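**Student:** predicted model and sequence below, questions to follow.
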Amino acid sequence: MNSKSNDFSVARKSLGQHFLRDQKAISSIVKAVPQGVTAIEIGPGQGAITKHLLDRVGRLVVIEKDDRFAQYWQQHMAEFASLQVVHGDVMEELAQSIQTYQPQWIVGNLPYNISGPLTAELASYALLGGMVLMYQREVAERIVSEPGSKVYGGLSVLVRHYYDVKRLLTLPPGAFSPPPKVHSAVVVMSPHGRVPEIDFEWLQQTVRKGFAHRRKTIMNNFRGVFTEADFQQLDIDPRKRPEQLAYAAWAGLAQLIRDKQSAEA
């Protein structure tokens, strides 16, 4: 690859690429994934994590949008019998890849520019193993935050539908090439094993509406949808703001919306 645009070492800003260089972080991420499992890696890039995962897991499916890296890993499939390559945008390929390969784990240094919507998509899948995902630190803080935190939001609720979440480590900009302008953090999502009483789609619809105006009360955000009696029934104070409600309260609201719409149908 001679031209700079095809140079393997050049990160593409349009794809939000920052290549991980910190060996201790790489080791921590890889060790969080059990040996012998089937895993998907989102955006393998140059392979800082990928090469170690190939030695550890039973099957590794990489989803790569960048033509340079997709072609590189396709050329190495003969070398690694456990490797499968999906060339495309993860937002378009994830659902089919999960259906086809049935991964137990998902790993990824997620592109910063799509980490929000991608996490909402990832949270909808109940994996048997879990996920090890890298974010901008502020996004990671939103994901692991508890009710009452200023950064607690829709993602905080959605990831708890199937998972318990914890921060594994925090990394400075210098751990990457090129260094991003912000710190990064790795989050581990582990299945909590409780069967949700509501479908993820209902929860997502409810959370989207409930957090549409963070400064408004729950009563105001759901005006015309819920009455004071509805909130009483769920033991929710309608004067609370959305960031004060734990997952269980959001699940209860989603169930009530579903039941109301079913009754009207």
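**Tutor:** Received it, and whenever you're ready, just let me know what you need. Numbering: from 1, shown residues only.

**Student:** neighbours around the closest residue to residue 127 other than its chain neighbours, how many?
**Tutor:** Sequence neighbours aside, residue 104 is the residue nearest to residue 127 in space, at 6.0 Å (criterion: CB to CB, 6 or more residues apart in numbering). To be clear about C-beta, it is placed using only N, CA and C from the backbone, and glycine gets the same treatment. Residues lying near residue 104 (other CB atoms under 10 Å) number 20.

**Student:** any idea how far residue 128 is from residue 104?
**Tutor:** 5 Å (CB to CB, to the nearest Å).

**Student:** just the pLDDT for residue 4.
**Tutor:** Here the pLDDT value assigned to residue 4 is 41.

**Student:** domains of this protein?
**Tutor:** What automatic domain parsing lists as the domains of the chain is 4-191, 200-264.

**Student:** least confident of these, on average?
**Tutor:** The bottom spot among those, by mean pLDDT, belongs to domain 4-191, with a mean of 91.

**Student:** quick one on the thing from earlier: from residue 124, how far off is the residue nearest to residue 127?
**Tutor:** 16 Å.

**Student:** try residue 169
**Tutor:** 26 Å.

**Student:** and for residue 158?
**Tutor:** As judged by CB to CB, residue 158 and residue 124 stand 8 Å apart.

**Student:** these two: which is more packed in?
**Tutor:** When residue 158 is set against residue 124 and neighbours are counted by other CB under 10 Å, the residue ahead is residue 158, at 24 against 18.

**Student:** dihedrals phi and psi, that one?
**Tutor:** Dihedral angles of residue 158 (phi, psi; degrees, to the nearest 10) stand at phi -60, psi -40.

**Student:** same question, residue 58
**Tutor:** Per degrees, to the nearest 10, the backbone of residue 58 is at phi -80, psi -30.

**Student:** okay, the domains of the chain, which one's buried deepest?
**Tutor:** domain 4-191 (a mean of 18; mean count of other CB atoms under 10 Å).

**Student:** residues in contact with the spatially most central residue of the chain?
**Tutor:** Geometric centre of the chain, nearest residue: residue 119, 2.8 Å, by CA atoms, centre = their mean. Taking CB atoms under 8 Å, 6 or more residues apart in numbering as the criterion, residue 119 is in contact with 110, 133, 135, 139, 143, 155, 158-159.

**Student:** distance check, it against residue 146.
**Tutor:** Going from residue 119 to residue 146 by CB to CB gives 17 Å.

**Student:** again with residue 100
**Tutor:** 36 Å.

**Student:** for residue 218, same thing?
**Tutor:** Applying CB to CB, the value for residue 218 to residue 146 is 17 Å.

**Student:** for residue 187, same thing?
**Tutor:** For residue 187 relative to residue 146 (CB to CB), the value is 14 Å.

**Student:** all helices for the chain, in order.
**Tutor:** 23-31, 50-54, 67-75, 90-101, 115-122, 137-144, 154-158, 200-210, 218-221, 228-233, 247-264 (DSSP state H).

**Student:** for residue 192, which of those helices is the nearest?
**Tutor:** Closest to residue 192 of these is helix 247-264 (CB to CB; 10.0 Å).
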